[in-house]
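Q: dropping the sequence and predicted coords here.
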Amino acid sequence: MKLININPYIRYVNNYSPDYSYTEKERVIYDYEFMYIMSGSVVMNYNGNQYFLQKGDLFYLKPGIKNNIIVDGSIGLKTHCIHFDWEPPEEIFDFTAEEFYMHSVLSPNHKEKKMFLIDRPHNEPSDFKLCPHNKDLSFSTFAPLFERCYREFITNSQSSLLNTRAVFLEIIALLADSLNEKTNIPTIHPKIAQAIEYIKKNYNNHLNVSYLSEKYELSPKYFGKLFHLATGKSVNSFITELRIFAAKEMLIGTDMTIEEIALASGFCDSFYFSKCFKQYEKLPPSHYRDIMQKDWKR
């Protein structure tokens, strides 16, 4: 199952704020759970590891994994917990939070059902690798969503259940964006990384795709493609920007002529230099020098 295909089933949403200290008895859950810390802190023992959760943290629990919390009643813990399945379960595998988590309503065959739920099938998105302890999430973004999810759930109407699901999907979308920001760091081909450093040191020499691709033993087309993936720019644009930057420094900080600056920054002649400079800075090099040197002397 891919994330785009999820059809979440929200079993239970709570607002939990104990005012006493205790160590929870070790337990397992039979579905998935998000525990979002609205205020205070709590210690979570999960799968043999201990985590310190504080305001703004999200903890993701999976079925069948031993866990318990240690609560300090003086800290003022408040959490919203969402129990859910990533897709609606078959009726035979469904259960209520009231019976198996709150133990407020027990059926006659409770023990048998409990044993049955241990082997309950689970399916989660293969492309959504959320770790147990999730920190550095925007509190101003996520806290109102968890609060809304709870408010909609306790209203307990047909529209509120749809709204609960809609808010939950918004949470998942934001988590997916956050996860992508952390993991989608482009991998730079080692030869391209070397080429970038070489260009930075030798931009004022005669450089082009043919020369660089041959130097790093790649075809010109493949070199250009990898370079664009790494920098977001073509090889020529990357080189030209470095040359323009160097020329701007010389225009401001030296008395070199335009012709001298053109050659020193790697351009073949002053005419081509002026043409490129206008494209990037929207004015000729001489005008740029006059404006910047006047500002510099003020």
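A: Right, received. Where do you want to start?
Q: could you use CA atoms for every contact and neighbour count after this?
A: Fine.
Q: run through the residues that contact the residue of the chain positioned farthest from its centre.
A: Centroid-distance maximum for the chain: T257 at 48.7 Å, with C-alpha atoms, centre = their mean. Applying C-alpha atoms under 8 Å, 6 or more residues apart in numbering to T257 gives no contacts.
Q: per-residue confidence for it?
A: Here the pLDDT value assigned to T257 is 93.
Q: quickly note the distance from it to D269.
A: 12 Å (C-alpha to C-alpha, to the nearest Å).
Q: now swap in K191 and tell me
A: K191 is 30 Å from D269, where distance means C-alpha to C-alpha.
Q: same thing with L174?
A: 52 Å.
Q: where does the chain dip in pLDDT?
A: Scanning the chain with the threshold set as pLDDT under 70 gives 181-187, 293-298.
Q: helices of that one, residue ranges please.
A: 97-100, 110-118, 139-155, 158-183, 190-202, 209-215, 220-231, 235-253, 258-264, 270-281, 285-297 (DSSP state H).
Q: please save the CA atoms from the first one in PDB.
A: Going back to what we said before, that points to helix 97-100. Once non-C-alpha atoms are left out, helix 97-100 reads as follows in PDB (Å, rounded to 0.1, in the frame of the first residue of the first chain):
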ATOM      1  CA  ALA A  97     -11.200   1.200  22.300                       C
ATOM      2  CA  GLU A  98     -13.800   1.100  25.100                       C
ATOM      3  CA  GLU A  99     -13.300  -2.700  25.500                       C
ATOM      4  CA  PHE A 100      -9.500  -3.100  24.800                       C
END
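Q: chain center to that helix, what's the gap?
A: 34 Å (C-alpha atoms, centre = their mean, to the nearest Å).
Q: buried residues, it. List them.
A: The neighbour-count check on helix 97-100 (16 or more other C-alpha atoms under 10 Å) flags A97, F100 as buried.
Q: and the strands in the stretch 1-150 of the chain, which stretches?
A: Counting by DSSP state E, counting those that start in this stretch, the stretch 1-150 of the chain has strands at residues 9-16, 22-23, 32-39, 41-46, 49-54, 58-61, 67-71, 78-85, 133-134.
Q: now these as JSON lines including mean neighbour count and distance to V167?
A: Shown next, in JSON lines, are the strands of the stretch 1-150 of the chain (neighbours: other C-alpha atoms under 10 Å; distance: least, C-alpha to C-alpha, whole Å):
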{"stretch": "strand 9-16", "mean neighbour count": "18", "distance to V167": "11"}
{"stretch": "strand 22-23", "mean neighbour count": "12", "distance to V167": "31"}
{"stretch": "strand 32-39", "mean neighbour count": "22", "distance to V167": "13"}
{"stretch": "strand 41-46", "mean neighbour count": "19", "distance to V167": "24"}
{"stretch": "strand 49-54", "mean neighbour count": "15", "distance to V167": "23"}
{"stretch": "strand 58-61", "mean neighbour count": "21", "distance to V167": "16"}
{"stretch": "strand 67-71", "mean neighbour count": "19", "distance to V167": "26"}
{"stretch": "strand 78-85", "mean neighbour count": "22", "distance to V167": "11"}
{"stretch": "strand 133-134", "mean neighbour count": "16", "distance to V167": "19"}
